[in-house]
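Enquirer: using only what follows, build the 3D model:
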Amino acid sequence: MKPCLLSLVLACLPLSAQVKFDRGTDRIRIEIGGKVYSDFFLGADSGKPYLYPLRAASGTAVTRHFPMETVAGESNDHPHQRGLFFGHENVNGDDFWNNELTYKTPNRGRIVLDRIVSLKNGKTSGSIRARFHWNNHQGTVLLEEDRTMTFYDAPDTRTIDFDITLSAPGERVVLGDAKDGAFAMRLSDSLREDKGSGHIVNAEGKHGEAEVWGLRSNWVDYSGAIDGEKLGVAMLDHPENFRHPERWHVRGYGLFAVNPFGNHVFDKSAPEQTTVIEKGKSLRYRWRVVIHPGDAQAANIAAIYEKYAKGQ
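Expert: Numbering: from 1, shown residues only. Modelled structure (predicted):
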């Protein structure tokens, strides 16, 4: 076949998926643009599933390595803060946040895989849908979680949409007014505000942990530099979430979390609140994570949020 004809044939062939998934025994590998982006660990090695690592479009990891990997000089506190995860410290009295398998606390719950519903590859986006059981320390299923994670391929950003529904199949479930929750990630030490280059800002223009922690806001951004590369991570709270806008449990040491269940614990002048899911009922939450070059202003996170709020 002549070179020009071969080129024409190749041009007519369908492009392979840019967002692809590979199911393993304990994880699902995520590829974007032909490169490994992250792994979705299904929880066999810990008390809950998590994504690790999360990377910028450049390939730079923005999440801390510990405890999945040992890196010289890296912090090794809070081993339960693995990559990006979802959990809460008080679900009918059981702890689904501080729940590493090595911990000895008696009320540790576990979030375990029920089944993978679907893996959908795509040219510009792809999704994982999975179901999990939130089992208390006695093995009883308190909550059923239906989670869809959609990953997007773009030249300069990495965006992930999370759509999570919690259902109470067997009994009334109460999520307490507690600090440690819920949708969270542990950032690279280089992005820490207290010992690194990190800078925290919310949608109202408040800056730093001292001004942002515990407040309600549509979004929060945590930016800095890793090996000279300026980048940031934004978390966006969907306007239809229960009690939107939610409070933020964001710390200078690199914990970055939005907590829809805490109220009085963050503001002693606010009333104590519990979140109740009655038997047979459910509660849905949606969040978007955007890993971007530069800081919140350079990335125009405010405009990105407006599009997200409109379903774009």
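
Enquirer: tell me, how many residues neighbour the residue nearest to Val276 when sequence neighbours are not counted?
Expert: Of all residues not flanking Val276 in the chain, Val174 sits nearest, at 5.4 Å (Cβ to Cβ, 6 or more residues apart in numbering). Heads up, the C-betas are built off the backbone N, CA and C, glycines and all. Residues near Val174, counting by other Cβ atoms under 10 Å, number 17.

Enquirer: tell me which helix or strand comes right after whichever strand or helix holds Val174.
Expert: Element membership of Val174, judged by DSSP states H and E, is strand 173-175. The element immediately downstream of strand 173-175 (helix or strand, assigned by DSSP H and E) is strand 181-186.

Enquirer: in its sheet, what does that next one sit against?
Expert: strand 84-88 (antiparallel), strand 255-259 (antiparallel) (DSSP bridges).

Enquirer: quick one: closest of these to Lys307.
Expert: Among the strands paired with strand 181-186, strand 255-259 comes nearest to Lys307, with 18.7 Å by Cβ to Cβ.

Enquirer: any idea of the mean pLDDT for that closest one?
Expert: What strand 255-259 shows for mean pLDDT is 98.

Enquirer: other residues contacting that strand?
Expert: 78, 81, 179, 181-187, 220, 222, 233, 235, 237, 246-250, 266, 287 (Cβ atoms under 8 Å, 6 or more residues apart in numbering).

Enquirer: just the C-alpha atoms of that strand, please, in PDB.
Expert: Taking Å, rounded to 0.1, in the frame of the first residue of the first chain, the C-alpha atoms of strand 255-259 are listed here in PDB:
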ATOM      1  CA  LEU A 255      -6.200  18.100  54.400                       C
ATOM      2  CA  PHE A 256      -8.800  19.400  51.900                       C
ATOM      3  CA  ALA A 257     -12.400  18.500  52.600                       C
ATOM      4  CA  VAL A 258     -16.000  19.600  52.300                       C
ATOM      5  CA  ASN A 259     -18.300  18.400  55.100                       C
END
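
Enquirer: what comes into contact with the next helix or strand after it?
Expert: Next in sequence after strand 255-259, counting helices and strands by DSSP H and E, comes strand 275-277. The contact list for strand 275-277 (Cβ under 8 Å, 6+ apart) reads 143, 166-168, 172-175, 242, 260-261, 283.

Enquirer: stretch 51-67: which residues count as buried?
Expert: 51-57, 60-67 (16 or more other Cβ atoms under 10 Å).

Enquirer: what do you get for stretch 229-236?
Expert: In terms of neighbour count (16+ other Cβ under 10 Å), stretch 229-236 has its buried residues at 231-236.

Enquirer: what of stretch 158-175?
Expert: Using 16+ other Cβ under 10 Å as the test for burial, stretch 158-175 gives 158-168, 173-175.

Enquirer: then stretch 186-194?
Expert: Quick answer for stretch 186-194 (16+ other Cβ under 10 Å): 186-193.

Enquirer: same thing with stretch 101-115?
Expert: For stretch 101-115, a neighbour-count test (16+ other Cβ under 10 Å) marks 107-112 as buried.

Enquirer: please convert those to TSV, extending it with pLDDT.
Expert: Output for the buried residues of stretch 101-115, formatted as TSV (pLDDT from 0 to 100):
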residue	pLDDT
Asn107	97
Arg108	98
Gly109	98
Arg110	98
Ile111	98
Val112	98
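
Enquirer: any chance of JSON lines for the residues you listed, columns distance to Ser125 and secondary structure?
Expert: Formatted as JSON lines, those follow (distance: Cβ to Cβ, whole Å; DSSP: H, G, I helix; E, B strand; the rest coil):
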{"residue": "Asn107", "distance to Ser125": "39", "secondary structure": "coil"}
{"residue": "Arg108", "distance to Ser125": "35", "secondary structure": "strand"}
{"residue": "Gly109", "distance to Ser125": "32", "secondary structure": "coil"}
{"residue": "Arg110", "distance to Ser125": "31", "secondary structure": "strand"}
{"residue": "Ile111", "distance to Ser125": "25", "secondary structure": "strand"}
{"residue": "Val112", "distance to Ser125": "27", "secondary structure": "strand"}
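
Enquirer: export the residues you listed to a markdown table and append columns for distance to Gly254.
Expert: Shown next, in a markdown table, are the buried residues of stretch 101-115 (distance: Cβ to Cβ, whole Å):
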| residue | distance to Gly254 |
| --- | --- |
| Asn107 | 26 |
| Arg108 | 23 |
| Gly109 | 24 |
| Arg110 | 25 |
| Ile111 | 22 |
| Val112 | 27 |
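
Enquirer: could you single out the nearest of those residues to Tyr305?
Expert: Nearest to Tyr305 out of those is Ile111 (Cβ to Cβ; 28.4 Å).

Enquirer: so what's the closest one bridging to?
Expert: Beta-bridge partners of Ile111, counted by DSSP bridges, are Trp134.

Enquirer: quick one, what contacts it?
Expert: 43, 47-49, 86-87, 96, 132-135, 145.
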